[in-house]
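Student: okay, predicted coordinates and the sequence, questions at the end:
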Amino acid sequence: CYGETCNAILDKIKAWAGEEGQQMMWISGLAGTGKSTIAKTIATWAAEEGILGGNYFFSRDMMELRKSSHVIPTIAYHLSDYDSSLTEQITRSLVEKNGHVLNQEITEQFKKLIEDPLRLAGNPSVSRKRTVLIIDGIDEC
């Protein structure tokens, strides 16, 4: 965001990212009101803070960024790069399915590449830091 144009919104998102409780924040608004700019600004901030687990920005202008089939594998890749405890679990899901999970419906991809690895890698005795995932432009796919 430029200058002081969206500090109140950015402060609210940053505060949310640092607190326990609500695990999802949904930013909505009319087209052209700056949601993507805010998402990109938060992605940059989260990367600098070391809490950006992954991001995906849909775009109607680029065919390869308009397909919903790319979002889950991309987020899984970012998560495995972000947290090495997830790398083994995500790789195992891919190997067990011989890579075919990439051809499955998005709900199956989510279960096998995100939900299951997070659950299996989770160790109740190990405290995980808050991880921010950003998906922008869902209406553009």
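Tutor: Noted; the coordinates are in hand.
Student: where does pLDDT dip in the protein?
Tutor: Counting by pLDDT under 70, the chain shows low-confidence ranges at 1-3, 63-67, 97-99, 122-129, 141.
Student: can you show me the helices along it?
Tutor: Ranges of helices within the chain are 7-18, 35-49, 71-82, 84-96, 106-110, 116-121, based on DSSP state H.
Student: just those helices: most buried one?
Tutor: For those, the largest average neighbour count (mean count of other CB atoms under 10 Å) is found in helix 71-82, namely a mean of 19. All C-beta spots, glycine's among them, are computed from the backbone N, C-alpha and C.
Student: which outside residues touch it?
Tutor: 52-56, 58, 86-87, 90-91, 102, 106, 109-110, 113-114, 117, 131, 133, 135, 141 (CB atoms under 8 Å, 6 or more residues apart in numbering).
Student: nearest to residue 28, out of the helices of the chain?
Tutor: For residue 28, the closest of the helices of the chain is helix 35-49, at 7.4 Å, according to CB to CB.
Student: and the angle for the closest one with helix 71-82?
Tutor: Between helix 35-49 and helix 71-82, the angle formed by their directions is 20 degrees, by axes from the mean of the first three to the mean of the last three CA atoms, to 10 degrees.
Student: got the CA positions of helix 35-49 in CSV?
Tutor: The C-alpha coordinates for helix 35-49 follow below in CSV (Å, rounded to 0.1, in the frame of the first residue of the first chain):
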residue,chain,number,x,y,z
LYS,A,35,-8.0,-6.1,-1.8
SER,A,36,-5.1,-7.5,-3.9
THR,A,37,-2.8,-4.6,-2.9
ILE,A,38,-3.5,-5.4,0.7
ALA,A,39,-2.9,-9.1,0.2
LYS,A,40,0.4,-8.4,-1.5
THR,A,41,1.4,-6.0,1.2
ILE,A,42,0.6,-8.5,3.9
ALA,A,43,2.4,-11.3,2.0
THR,A,44,5.5,-9.1,1.9
TRP,A,45,5.2,-8.3,5.7
ALA,A,46,4.5,-11.9,6.6
ALA,A,47,7.6,-13.1,4.6
GLU,A,48,9.7,-10.5,6.4
GLU,A,49,8.3,-11.7,9.8
